[in-house]
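Chemist: my questions concern the predicted model and sequence given below.
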Amino acid sequence: MRTYLAPLGFDSRRVVRPVLSEGLDESDRVVLLQPAKSSDQSEDAFEEVADVLTQVVSDLKLESEQLPYTDFVETTLLCTDLIQAAEGETIVVLGGGAREILLPLTVATFSNENYIDTILQVGDIDSSVRRIPQLNLRGNISNAETTLLADLTALDTPLSISEIATELEKSKSTVARHVDSLESEGFVQTTKEGRTKTVEQTDSGRIFLSGVEFNNHIHRG
């Protein structure tokens, strides 16, 4: 079972294309997020989505969530509730709809990455559907762990924990402990090859570091 959460504006294709690209089964739910104040165009778009998707699954569970749009925080919290309540494989489509819904949904998505399996983006430039990485933007790691994460940038990873310890002149136990913490935050990923565990940075780790480096630059200035 999959639950799709997708903002819907006037262009039904921004929902239909990503949903069909992932697949649709009888047990799936598609939840369309729309502003509470509807219009004829938004109602037409909902009907267009229903017409296309029910050709694929005749008894599809297609729902509309009418969200307030004047209070950013309230809308973000409601999007969070929907993400956390979703059942089965959760797929968020960041594809269109009103900015007053899309931006809160985006914030809620990257604040609840553990509840989400897939994030899809529908491009404005070429209308292509892309999977985008799930990023942890709220990292809670120590200064020593941040230093190790930064040191990995300068190394030609993936490397084993022993190789990292040798390169950085640290004990294997210290490196292993810090790697475990970084992996729990999604900032590195490890791969077991026999008895050897190799380590490399993730997209979340790189983006987290860019923010740390910017803040350090501001404080030094």
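Modeler: Arrived safely. Numbers count the residues shown, from 1 in each chain.
Chemist: how's this structure carved up into domains?
Modeler: 2-131, 143-220 (automatic domain parsing).
Chemist: any chance of those in TSV, plus mean neighbour count and mean pLDDT?
Modeler: Using the backbone N, CA and C atoms, a C-beta is placed for each residue, glycine as well. As requested, those are exported to TSV (neighbours: other CB atoms under 10 Å; pLDDT from 0 to 100):
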stretch	mean neighbour count	mean pLDDT
domain 2-131	17	93
domain 143-220	15	87
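Chemist: okay if I get those as TSV plus distance to Leu137?
Modeler: Below are those laid out as TSV (distance: least, CB to CB, whole Å):
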stretch	distance to Leu137
domain 2-131	5
domain 143-220	7
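Chemist: what residues does Leu60 make contact with?
Modeler: By CB atoms under 8 Å, 6 or more residues apart in numbering, the contact list for Leu60 reads Leu24, Glu26, Asp28, Val30, Ala50, Leu53, Thr54.
Chemist: from Asp51, how far off is it?
Modeler: Separation of Leu60 from Asp51 (CB to CB, to the nearest Å) stands at 11 Å.
Chemist: kindly report the same for Leu24.
Modeler: Plainly put, Leu24 is 14 Å away from Asp51 if you go by CB to CB.
Chemist: ranges for the strands of this protein?
Modeler: Assigned by DSSP state E, the chain shows strands spanning 2-7, 29-35, 61-67, 89-94, 118-122, 129-131, 159-160, 188-193, 196-201.
Chemist: how about those, which one is nearest Thr76?
Modeler: strand 61-67 (10.0 Å; CB to CB).
Chemist: most distant residue from the middle of this protein?
Modeler: Using CA atoms, centre = their mean, the residue of the chain lying farthest from its centre is Glu169. It sits 35.3 Å away.
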